[in-house]
Structures are given as C-alpha cells and as structure tokens.
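Q: Predicted model, plus sequence, below.
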Amino acid sequence: MTILDGKKVSNQIKEEIAVEVAQMQERGEKVPHLAAVLVGNDGASLTYVGSKVRSCKKIGFESTLIHLPEDTSEETLLKQVEDLNANPDIDGYIVQLPLPKHIDEQKVLMAVHPDKDVDGFHPTNFGKMALDMESFIPATPFGIMELLRRYNVETEGKHTVVIGRSHIVGRPISILMSQKGKAANATVTLTHSRTKDIKSLTLQADIIVSALGVPNFLKADMVKEGTVIIDVGITRVPDESRERGYYITGDVDFDTLKDKASYITPVPGGVGPMTIAMLLKNTLLARERHQKK
Ligand code: GUN
C-alpha cells in the first residue's frame, strides 16, 4: 500500500509556484494577488482562510483578507464582490463558504467575475470545465487529479465510484475523471444519499472518492483488495482531551482499510493540503491569463 502524501506533494507544488513568482519578480512583473472574503466567525472557515493567506505569504503572493461581520447584509457583500471585480490589483478571489443563512449563496457566487473566480464555482467556469475548455477547476477536485497524476495512479478504463454529489467535490470530480487525459478516462459512477445498496457499487470499484463528511463511512467490508481510496471527508469530532477540543477525521476507516488499499490518502495530510496548493495554482493561472489580455 502506498500513502498518497498530499502534504508532501502540495509542498512540491508550492515550491514550483514560488520559483515562478521569483521569476516574475526578477522580470519586474506584478506578482499574483489573491483575496479571500470571509463572513462571520465559523471556526473551520477561519482556519481554512487563515491557512490560505499564510500559504500566499510563503510563496511570495500578495494576499488580502476581507473579514466581514456575521450580520453583513447581502447587499454589502455584493458591493464588496463588485469592488473586487473592478480592482485591477486583485487577480483572483474567493468567497469562503458557507455564508450566513440570510445571504443567498448562489447570488453571490454568480456575481464573482469568472476571470477572477479561482474557486471555479461560477457557472461559466463550471460549464467550461464540463466541456473541457480552459477554465478554473475547483481546487479540491483539481487537487485530487493532481495527486493521482503525480503518483502515476492508473485510472484509464478503471471503475471510479464517487460518493457524494456536492457542487464543490463530487459532481466536478465525476466529470473530470470521465474526461480524456491523464488521471482520467475512467468509467465513473456517482453515488449519493438516494443510491440503493451503495456497498454493491463500492465493491466493484477500482477507485473510490469519498466526499460525504461522515466519519468512518467507508469500511473494509465495502471495498475489494487493491482499491485506490481517496478520502475527501474532513469532519471535526469533539474531543475534550485535545487542546483544540476536537480532532479531524475523514470518511474512511483508515486503520482497517490501509492494508486492503493499493493507494490511500490520509486525513489529515491527504486531499486537504492539495486543495490549498491548487487554489494558489489557479491564482497563478489567473495572473498569467490577465497578463495576456
Ligand atoms: N468551503 C469549503 N470548501 C471551500 C472551497 O474550496 N472554497 C470556498 N470558497 N469555500 C469553501
């Protein structure tokens, strides 16, 4: 069994980007600038956004964090989005999800200019991705594809079972892995909460991508020998014995599955760090594309 070490690969990617940024600086060019909008004080979102901003600093990007209070109106947030669209200094930005309940998430994501939408959540980018055109690919599925590519995991003709149909992970990874190309050309089954007898499908899978958010959902009796297992779940489980008051766990019962899998991603240290690296990659792409215009 091989561990798909997302932490190691994400560090490699960040180093590669840092080299490109240094070259941009040497040529006297503007370096990429990522902005993140965070509304409210959701603990996990604070952690993610903090980590994104720190990573920018490490690789030489400029970054801006716009932290708005929980009771920010939809109108104010939309105004902020308009300002970011109009600001030529910002190459790309994200609006961290989830947003507070009084804000229409779809309306906000629709307002982000597609050329700055480094999350790849705007319908223009999602549509282009589905048509295999130049776009921004959402960072988590992009990270999974990159991890598979860098470990040369064979996917062609393989049966991939995706668990979960979210717009951020399940749906896009099912599209990407069925397309032509490296880490793709797979036969994909997309399963979800209404799927009947999920175990009969996972038992047929050569590759499983679990993006459900249910700790220990995928167990050894659901998987055949030699399966590639990608765990996208990140759940905070309360635990008073830890300083932080919780621990992070994935969808996969790692201890019982690690001996059955051919490749497996750990949680933490698997898909999570890849997501940040690919957001940075998208921001670099945004800068390069803006430069060309
Ligand atoms: N919330 C959970 N994952 C993501 C992500 O990839 N991007 C944004 N903007 N919010 C998220």
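A: Cool, the structure landed.
Q: For the rest of this, base every contact and every neighbour count on C-alpha atoms.
A: OK.
Q: show me the contacts for Ala277.
A: Ser10, Asn11, Ile13, Lys14, Gly143 (Cα atoms under 8 Å, 6 or more residues apart in numbering).
Q: scratch that, Ala22 is what I was asking about
A: By Cα under 8 Å, 6+ apart, the contact list for Ala22 reads Gly60.
Q: And for Thr124?
A: If a contact means Cα under 8 Å, 6+ apart, then Thr124 has Pro114 as its contacts.
Q: do you know how far it is from His113?
A: Thr124 sits at a distance of 9 Å from His113 (criterion: Cα to Cα, to the nearest Å).
Q: and the gap between the residue nearest to Ile175 when sequence neighbours are not counted and Ala184?
A: Leaving aside its chain neighbours, Ile175 sits nearest to Ala130 (6.4 Å; criterion: Cα to Cα, 6 or more residues apart in numbering). When distances are taken as Cα to Cα, Ala130 and Ala184 turn out to be 13 Å apart.
Q: okay, and the common contacts of the two?
A: Common contacts of Ala130 and Ala184 (Cα under 8 Å, 6+ apart): Leu176.
Q: Looking at the two, which has the bigger crowd around it?
A: Applying other Cα atoms under 10 Å to Ala130 and Ala184 shows that Ala184 carries more neighbours, namely 25 against 16.
Q: In a strand, Ile248, correct?
A: Yes - when the secondary structure is assigned by DSSP: H, G, I helix; E, B strand; the rest coil, Ile248 falls within a strand.
Q: Quick one: residues contacting it.
A: If you count contacts by Cα under 8 Å, 6+ apart, Ile248 has them with Ile234, Thr235, Arg236, Val237, Val267, Pro268.
Q: So which of the residues you listed is the closest to Leu148?
A: Sorting the contacts of Ile248 by how near they are to Leu148, with Cα to Cα, puts Val267 at the top with 16.2 Å.
Q: what's the closest non-adjacent residue to the closest one?
A: Gly250 (5.5 Å).
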